[in-house]
Structures are given as C-alpha cells and as structure tokens.
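Chemist: 3D, please:
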Amino acid sequence: MPKPKKHVFVCVQNRPPGHPRGSCMQSGSAAVLEAFSKQFQARNLFEQFALSNTGCLGPCSGPHVLVYPEGVMYGQVKAEDVESIVEEHLLNDQPVERLMLPPEIW
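Modeler: Modelled structure (predicted):
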C-alpha cells in the first residue's frame, strides 16, 4: 500500500456506563466508523486514504474523528456527517469547520 494522502482515526473507546468521562462508543462512534467504511468502499478510497479505529483521543465529548497530517479533530460526529468530511476534507482539502473542535479543546 502506498503512503496515504490522509489518515482518518475514529475513536471507539468504550468505558463502562456511568464513567465520568463517558466514551465515544457510547456516543455512537461505531456508526461513524461504519459510515466511513461504507464511504471508503463506495468511492474506492482505500488506495488514497487510511482509516483506523483508535482508543481515546482525549476530549471525551465524542464521537471524535482525527484527520492527519493536518491534525484536525472533529467532535460530536454523527454518521450523517461522514459524507461531508470525506467530500470536503479528504477529497477537497477543506476541513468541515462546523464539526471542528475549538482550539481550547484541541
């Protein structure tokens, strides 16, 4: 596999119910990861971009998605947002500002 243009990390951290930090998995990150997988499959993006699940990314107000090399962190991502991230950020190099975490958090 050639070096990817960008690498998308989807937090799938799962903590027990009632944990003070919560978890991205309890916030719906499995659906977000699945939506990315479907977009990558439908658009044949696996040769250009990498997609990985990951543990905690830090902020815990998820689901969170992190895109490198830019280091853009998206928060409270829903499955419906994935197409915008793929279209705008991955394919057109324009981060989706409405989903970006504010600088004081990331």
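
Chemist: make it CA atoms for all contacts and neighbour counts henceforth
Modeler: Fine.

Chemist: Report the contact partners of the nearest residue to residue 35 once chain neighbours are set aside.
Modeler: In space, residue 35 comes closest to residue 79 once its chain neighbours are excluded; the distance is 5.6 Å by CA to CA, 6 or more residues apart in numbering. By CA atoms under 8 Å, 6 or more residues apart in numbering, the residues touching residue 79 are 31-35.

Chemist: Just the buried positions in stretch 51-62, please.
Modeler: 51, 56-57, 59-60, 62 (16 or more other CA atoms under 10 Å).

Chemist: Now render those residues as a markdown table, adding pLDDT, secondary structure and distance to residue 89.
Modeler: Shown next, in a markdown table, are those (pLDDT from 0 to 100; DSSP: H, G, I helix; E, B strand; the rest coil; distance: CA to CA, whole Å):
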| residue | pLDDT | secondary structure | distance to residue 89 |
| --- | --- | --- | --- |
| 51 | 98 | strand | 14 |
| 56 | 90 | coil | 22 |
| 57 | 91 | coil | 19 |
| 59 | 83 | coil | 21 |
| 60 | 77 | coil | 22 |
| 62 | 79 | coil | 19 |
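
Chemist: from those, which is closest to residue 91?
Modeler: Of all the buried residues of stretch 51-62, residue 91 sits closest to residue 51, with 14.2 Å by CA to CA.

Chemist: Surely that closest one and residue 4 touch.
Modeler: No - judged on CA atoms under 8 Å, residue 51 makes no contact with residue 4 at a distance of 9.6 Å.

Chemist: and residue 1, what pLDDT?
Modeler: Note for residue 1: predicted pLDDT of 67.

Chemist: any idea how far residue 90 is from residue 4?
Modeler: 11 Å (CA to CA, to the nearest Å).

Chemist: same thing with residue 17?
Modeler: Where residue 4 is concerned, residue 17 sits at a distance of 36 Å (CA to CA).

Chemist: Which of those two has more residues huddled nearby?
Modeler: Remark: of residue 17 and residue 4, residue 4 carries more neighbours, 16 against 10, as counted by other CA atoms under 10 Å.

Chemist: wait, isn't the more buried one in contact with residue 45?
Modeler: No - if you go by CA under 8 Å, residue 4 and residue 45 don't touch, sitting 9.8 Å apart.

Chemist: Alright, that wraps it up for me.
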